[in-house]
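Asks: I would like the atomic coordinates for the input below:
(4 chains)
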Protein chains: 2
Amino acid sequence: MSATQSTLGKQMQAPNLGDTTYEELRDRLTRGVYRPGDKLTVRSVAEALGVSSTPARDAINRLVADNSLVYAGPKTVIVPVLTEADLREITYIRLALEGLAAELAMERRQPEDVENLMEIQTKINSALLAKSYAAALWHNKEFHFLVYRLSGMPHLVAMIEAQWLRVGPSFYGLYPHFAEERQGVRNHQMAIEAMMDGDRGALRAAFENDIREGYRQLRSGLLDGRIRS
Amino acid sequence: MSATQSTLGKQMQAPNLGDTTYEELRDRLTRGVYRPGDKLTVRSVAEALGVSSTPARDAINRLVADNSLVYAGPKTVIVPVLTEADLREITYIRLALEGLAAELAMERRQPEDVENLMEIQTKINSALLAKSYAAALWHNKEFHFLVYRLSGMPHLVAMIEAQWLRVGPSFYGLYPHFAEERQGVRNHQMAIEAMMDGDRGALRAAFENDIREGYRQLRSGLLDGRIRS
DNA sequence: CGGCTTCTTTTGTTGCAACAAAATGTGAAG
DNA sequence: CTTCACATTTTGTTGCAACAAAAGAAGCCG
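Replies: Below is the predicted model:
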């Protein structure tokens, strides 16, 4: 279970323990193992992942570097509890970056890509019906990043993924409420149709809509404290 | 000499040696101390900066994490030698991010900001006239980031800075040729005027033009090998 | 003289321990 | 019951040494 992990197609060198720990922590973050406000210490991570303190520290530092974890005090790193301002900024960045990726994806799409997209959407629908929200969340991510990867720009995709990682834990806490009221299905459908038609503007609009809807949901969840730790 | 350094207004904790080393390396990278293709080793950095291997390794890892340094082999990190594809991707990202920042800056600008901008532009002109290209480069960065910071979005600014850091070393190698033929002065002038008029689209266009011109220069410099190590 | 193999040196990785500083728990006083 | 000060514990930092692996140099064979 790791679809969008090794996003960067860079010169691959033997992955070291620090990288492994980093990936594992990322995974747990997106899976909702840790919730906003949870504290992460070097030693606890080291023990939980079965490594020594050095790679554990490496991993935490990297997560902090890309804001997937934040400092709550001089010696305490926690899973970020998003403020309204944070959410607003992330949304603007997402609109710019994911909008760009979507437009670029249009030029490189293959017929089979649309097929795959529809297939993933089927999985999302099934998962929602079965109330398997974790699975729905997963396939939703698959849907988006299948498109983004089509842009052919690995760093762009990595930057987008970093933003998803920032909202991930908060997002997870909002389920299943979010999935229930969700109209994302409609946005996805529009994205698929836009892709078939080759309508670049429509594709971007579909994704922007999806992002904006997520923003509204998350924001209202934030305001009445449904998310906090 | 450090204008755009502590971009993130996050919860400040006592900066540790690793952070210091990271900042110092960043500075040297933007200053052209290291050139594309140069190899950086843990021990050499540790000695050069007068720290032990642990913080040196921390710093290098962080630089690699945000692509300011790249792997050339399993055990060799070098200052990136940009490919045409790299440059293209960076430019797209810059257009999206810096365009966004410029638009947002418009809403928060104060009259004094325009003053400061004009002041910086004067410094750029003087530096160009005196052929002090390093200074011109520096003030150019000041100009851009003064605007970007007005967006009020610290993470956005940090992401933009990361992109600048990627092209920094290659850019530096292109001087003074770049500065000579430069029409950036005109773009900056248009940006200032757009800001006075409150014309958001014009402000964005001015910055996009600047980015695109830089792209063309850098690309042609890349193609006839004026940049390589 | 060129290409390949082998050997030496360099280099990243990782675990660990000592240190300093912050966080937490405890208790007393108001 | 709250608040503040103190003591204890937890936690991040950092230097270092041993290990493994890769890079670079030297030598050998074709």
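Asks: what about stretch A:68-83, near DNA strand C?
Replies: Yes: using C-beta under 7 Å from any atom of the strand, we find that stretch A:68-83 touches DNA strand C at A:73-76. C-beta coordinates here come from the backbone N, C-alpha and C atoms, glycine included.
Asks: looking at these, spot the one nearest chain B.
Replies: Among those, residue A:74 lies closest to chain B (C-beta to the nearest C-beta), at 4.0 Å.
Asks: remind me which helix or strand the residue nearest the centre of chain A belongs to.
Replies: Central residue of chain A (C-alpha atoms, centre = their mean): residue A:164, 2.9 Å from the mean position. In this assignment (DSSP states H and E), residue A:164 forms part of helix A:154-174.
Asks: hey, C-alpha coordinates of that helix in CSV?
Replies: The C-alpha coordinates for helix A:154-174 follow below in CSV (Å, rounded to 0.1, in the frame of the first residue of the first chain):
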residue,chain,number,x,y,z
PRO,A,154,8.1,15.2,-10.5
HIS,A,155,9.0,18.1,-8.2
LEU,A,156,5.7,19.7,-8.8
VAL,A,157,4.0,16.5,-7.7
ALA,A,158,6.2,16.2,-4.7
MET,A,159,5.3,19.8,-3.6
ILE,A,160,1.6,19.0,-4.0
GLU,A,161,2.1,15.9,-1.9
ALA,A,162,3.7,17.9,0.8
GLN,A,163,0.6,20.1,1.0
TRP,A,164,-1.7,17.0,1.2
LEU,A,165,0.5,15.8,4.0
ARG,A,166,-0.1,19.0,5.9
VAL,A,167,-3.8,18.7,5.8
GLY,A,168,-3.9,14.9,6.0
PRO,A,169,-4.2,14.4,9.7
SER,A,170,-6.9,17.1,10.1
PHE,A,171,-8.7,15.8,7.1
TYR,A,172,-8.7,12.3,8.5
GLY,A,173,-10.3,13.6,11.7
LEU,A,174,-13.2,15.0,9.8
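Asks: so what secondary structure elements neighbour it?
Replies: Applying 3 or more C-beta pairs under 8 Å, 6 or more residues apart in numbering or on different chains; DSSP states H and E, we find helix A:154-174 packed against helix A:17-31, helix A:84-108, helix A:133-149, helix A:200-223, helix B:84-108.
Asks: closest to DNA strand D out of those helices?
Replies: Smallest distance to DNA strand D across the helices and strands packed on helix A:154-174 (C-beta to the nearest atom of the strand): 12.2 Å, for helix A:17-31.
Asks: how far away is the closest residue in space to residue A:76 that isn't next to it in sequence from DNA strand D?
Replies: Nearest residue to residue A:76 in three dimensions, chain neighbours excluded: residue A:39, at 5.7 Å (C-beta to C-beta, 6 or more residues apart in numbering or on different chains). Distance check for residue A:39 against DNA strand D: by C-beta to the nearest atom of the strand, to the nearest Å, it reads 7 Å.
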